[in-house]
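Engineer: Pasting a predicted model and its sequence here:
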Amino acid sequence: MSTETYTDLNNLQTNFQIIQQIKASGGRLNEYSIPEFASFIEKIGHKVSDLDRLNVIHVTGTKGKGSTCAFVSSLLSGQMEAGNKLKIGLFTSPHLIEVRERIQINGQPISTDQFAKYFYQVYNGLKAEEPKLKRVMPESPDMPMYFRFLTLMAYHTFLQENVDVAIMEVGVGGQYDSTNVIQKPIVCGIASLGIDHQGSLGNTIEEIAWHKAGIMKQGAPAYSVEQPESALQVLEARAKERHTTVEVVRPLDHSVELGIPGEHQAINAALAVRLCQEWAARTNTKFASASWITDGLRTARWPGRSQTFVSPRHANISYNVDGAHTVESMAACGKWFASKASDIPCVLVFNAAHERNARALLETLWNETKGCKFVAAVFCPNLSNRVDSVNFTVENDQELRQQKESAKIWKELSGVEDTTVCGTINEAVECVEERFGKQPAGETNILVAGSLHLVGGFLDVAKGSI
């Protein structure tokens with residue numbers, strides 16, 4: 001993809017900037033987000049009703065929604081009756097290495113040529129003098145911010161590519177998220193709920209559940225994993241308001257083979273199966289093989305979540321990467337890592353986005369990994385030397401105050417005095433591999449967690465690719 005395309009994309013208003021605006025306005029911007037986004041759709045030549053052709057599966061949640069979408073994509077990729085295959089669109093966020101990962105067709109990111117083509121069809125369409133943009137508010141922008149632009153581009157791409165199904169992962173919340181412009185999804189899913197994005201969603205699980213339930217639509221049944229009782233009550237009340245239903249899905253038996261590792265994936269897989277079954281029934285889609293569920297679950301892949309790989313330069317270094325960035329997902333990450341670490345020396349590599357509680361995340365991780373033999377820790381921001389490496393969720397702090405504070409917290413919790421603060425992911429990889437790559441004592445287990453952007457950088461720099 002050309003540098004010009006990256007420049008035009010990266011010059012859009014960032015997530016960090018829009019979050020700050022929402023906080024400053026007391027959330028007032030939210031109520032205008034969907035009609036404003038609908039005006040962008042019309043500006044580039046579509047009607048909002050055109051999106052109904054995409055047969056959308058809409059998924060929200062605090063943790064597990066991306067994994068659920070990956071399972072759904074894999075399940076639907078099986079052989080259909082009469083040898084037909086579905087053309088499957090998948091929109092997720094954030095990306096790990098390249099922005100193209102956010103918009104996939106049949107399990108693969110769209111090509112660089114496709115990305116550039118559809119990017120400029122949307123970009124130039126928004127900049128055109130005609131038709132005039134419908135202003136929802138006097139201060140409505142001419143161009144959507146980064147995430148919303150990519151959502152718009154995903155919808156445009158899937159319409160142009162005539163996909164049979166579009167699996168849409170919510171960015172933040174649900175009620176006011178740009179993906180929620182869809183009027184008639186086929187089915188909706190709600191993954192595990194927890195406390196996150198308090199600045200825009202609220203400080204209680206009930207407030208957050210209200211936002212997540214905003215994706216429910218009349219005529220589209222909703223399915224949810226098991227939730228805290230108070231959150232479930234909110235989901236049920238909102239389902240009634242919206243003239244639909246919500247059904248709780250139970251976890252799969254742990255004997256079922258899953259392509260995405262981690263015990264916690266059993267509930268995400270169960271939700272995905274139920275969403276696919278409902279979608280198939282409502283679209284009259286039939287599978288040729290009775291094994292489509294077991295095959296789809298077994299072959300599912302979702303990089304950056306409970307993923308392990310060996311350094312290509314040092315066979316004694318084992319990287320264990322997980323994009324956990326909430327208290328709940330960090331607990332699952334810690335359990336997963338503790339089950340693998342044994343008595344092998346361990347090193348933590350960590351970063352938390354500015355708006356997240358680093359202490360809470362580190363305390364949760366430490367509580368699950370006290371039995372691990374941590375010998376050192378490295379802290380760095382979500383920045384690498386890639387031309388398209390831009391941090392869209394936190395403010396760039398050259399003083400590295402967040403990382404220094406995290407190092408202090410980890411020392412207090414673990415008693416490990418050997419901590420290093422690096423300025424980039426590249427420096428962090430170099431630090432780890434120089435120190436532990438030639439250790440005569442043998443293998444070292446590296447845990448990389450706290451941010452999907454951090455994990456993506458490590459997959460790129462340490463491994464070379466996803």
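Structural biologist: Received, thanks. Residues are numbered from 1 along each chain as shown.
Engineer: if I pick the residue nearest the centre of the chain, what's in contact with it?
Structural biologist: Centroid-nearest residue in the chain: residue 93, 4.2 Å away (criterion: Cα atoms, centre = their mean). Counting by Cβ atoms under 8 Å, 6 or more residues apart in numbering, residue 93 makes contact with 102, 147, 150, 169, 171. Glycine gets a C-beta too; all of them are placed from N, C-alpha and C.
Engineer: Any idea how many residues pack against the fourth one?
Structural biologist: Counted with other Cβ atoms under 10 Å, the burial measure for residue 169 works out to 27 neighbours.
Engineer: Can you tell me which of the contacts of residue 93 are buried?
Structural biologist: When these are checked for burial by 16 or more other Cβ atoms under 10 Å, the buried set is 102, 147, 150, 169, 171.
Engineer: And the residue nearest to the centre of the chain, how far from residue 150?
Structural biologist: Residue 93 sits 7 Å away from residue 150, going by Cβ to Cβ, to the nearest Å.
Engineer: Now list whatever residues contact both of the two.
Structural biologist: By Cβ under 8 Å, 6+ apart, the residues touching both residue 93 and residue 150 are residue 102.
Engineer: In the stretch 1-150 of the chain, where is pLDDT below threshold?
Structural biologist: In the predicted model of the stretch 1-150 of the chain, residues 1-2, 6, 13-29, 79-83, 139 satisfy pLDDT under 70.
Engineer: Let me see the ranges of the helices in it.
Structural biologist: Shown for the stretch 1-150 of the chain, the helices assigned by DSSP state H, counting those that start in this stretch span residues 3-10, 15-24, 33-43, 65-76, 112-127, 146-160.
Engineer: got those as a markdown table, with distance to residue 419 columns?
Structural biologist: Output for the helices of the stretch 1-150 of the chain, formatted as a markdown table (distance: least, Cβ to Cβ, whole Å):
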| stretch | distance to residue 419 |
| --- | --- |
| helix 3-10 | 32 |
| helix 15-24 | 26 |
| helix 33-43 | 41 |
| helix 65-76 | 30 |
| helix 112-127 | 39 |
| helix 146-160 | 32 |
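Engineer: Out of these, flag the one nearest residue 316.
Structural biologist: helix 65-76 (29.8 Å; Cβ to Cβ).
Engineer: tell me what that closest one is packed against?
Structural biologist: Using 3 or more Cβ pairs under 8 Å, 6 or more residues apart in numbering; DSSP states H and E, the elements in contact with helix 65-76 are strand 57-60, strand 88-91, strand 165-169, helix 265-282, helix 292-299.
Engineer: so how far is it from its chain's centroid?
Structural biologist: Chain-centre distance of helix 65-76: 12 Å, with Cα atoms, centre = their mean, to the nearest Å.
Engineer: Identify all contacting residues around it.
Structural biologist: 57, 59, 61, 86, 88, 90, 92, 104, 107, 165, 167, 169-170, 189, 191, 259-260, 265, 268-269, 271-273, 275-276, 279, 292-293, 296-297, 299-302, 305.
Engineer: residue ranges of the strands in the stretch 301-450 of the chain, please?
Structural biologist: Here the stretch 301-450 of the chain has its strands, by DSSP state E, counting those that start in this stretch, at 307-310, 317-322, 345-350, 373-379, 419-421, 444-449.
Engineer: how's the protein carved up into domains?
Structural biologist: Listed by automatic domain parsing, the domain ranges of the chain are 3-299, 307-463.
Engineer: taking the mean pLDDT, what do you get for the shortest one?
Structural biologist: Averaged across domain 307-463, the pLDDT comes to 88.
Engineer: end-to-end on it?
Structural biologist: 12 Å (Cα to Cα, to the nearest Å).
Engineer: Give me the distance from that domain to the chain's centre.
Structural biologist: 19 Å.
Engineer: List the buried residues for stretch 234-246?
Structural biologist: 234-236, 238-239, 242, 244, 246.
Engineer: between the residues you listed, which is nearest residue 252?
Structural biologist: residue 246 (19.5 Å).
Engineer: Run a quick check on the closest one versus residue 216, I expect a contact.
Structural biologist: Yes - counting by Cβ atoms under 8 Å, residue 216 is a contact partner of residue 246 at 7.1 Å.
Engineer: you'd agree residue 217 is up against residue 185?
Structural biologist: Yes - the criterion here is Cβ under 8 Å, and residue 217 meets it with residue 185 at 5.9 Å.
Engineer: quick one: which of these two has more around it?
Structural biologist: Remark: of residue 217 and residue 185, residue 185 carries more neighbours, 27 against 21, as counted by other Cβ under 10 Å.
Engineer: what about that one, helix or strand, and which?
Structural biologist: Taking DSSP states H and E as the definition, residue 185 sits outside all helices and strands.
Engineer: What separation is there between it and residue 165?
Structural biologist: 11 Å.
Engineer: Next: residue 415.
Structural biologist: 51 Å.
Engineer: And for residue 206?
Structural biologist: From residue 206 to residue 165 the distance is 32 Å (Cβ to Cβ).
Engineer: ditto for residue 263
Structural biologist: Computed as Cβ to Cβ, the residue 263 to residue 165 distance reads 29 Å.
Engineer: quick one, which of the two is more surrounded?
Structural biologist: Legend: neighbour count by other Cβ under 10 Å for residue 263 and residue 165, higher for residue 165 (24 against 14).
Engineer: Could you find the closest non-adjacent residue to the more buried one?
Structural biologist: residue 55 (4.8 Å; Cβ to Cβ, 6 or more residues apart in numbering).
Engineer: residues in contact with that neighbour?
Structural biologist: With contact set as Cβ under 8 Å, 6+ apart, residue 55 has these partners: 164-166, 186, 279, 283.
Engineer: try 10 Å
Structural biologist: Residues near residue 55 by Cβ atoms under 10 Å, 6 or more residues apart in numbering: 86, 89, 163-167, 184-187, 279, 282-283, 285.
Engineer: ditto for residue 228
Structural biologist: Contact partners of residue 228, counting by Cβ under 10 Å, 6+ apart, are 192-194, 205-206, 209, 234.
Engineer: do the same with residue 351
Structural biologist: 325, 358, 361, 378-383, 394, 402-403, 406, 422, 425, 428, 448-451, 453-455, 457.
Engineer: Of those residues, keep whichever come out buried.
Structural biologist: The neighbour count (16+ other Cβ under 10 Å) marks 325, 358, 361, 378-383, 394, 402-403, 406, 422, 425, 428, 448-451, 453-455, 457 as buried among the contacts of residue 351.
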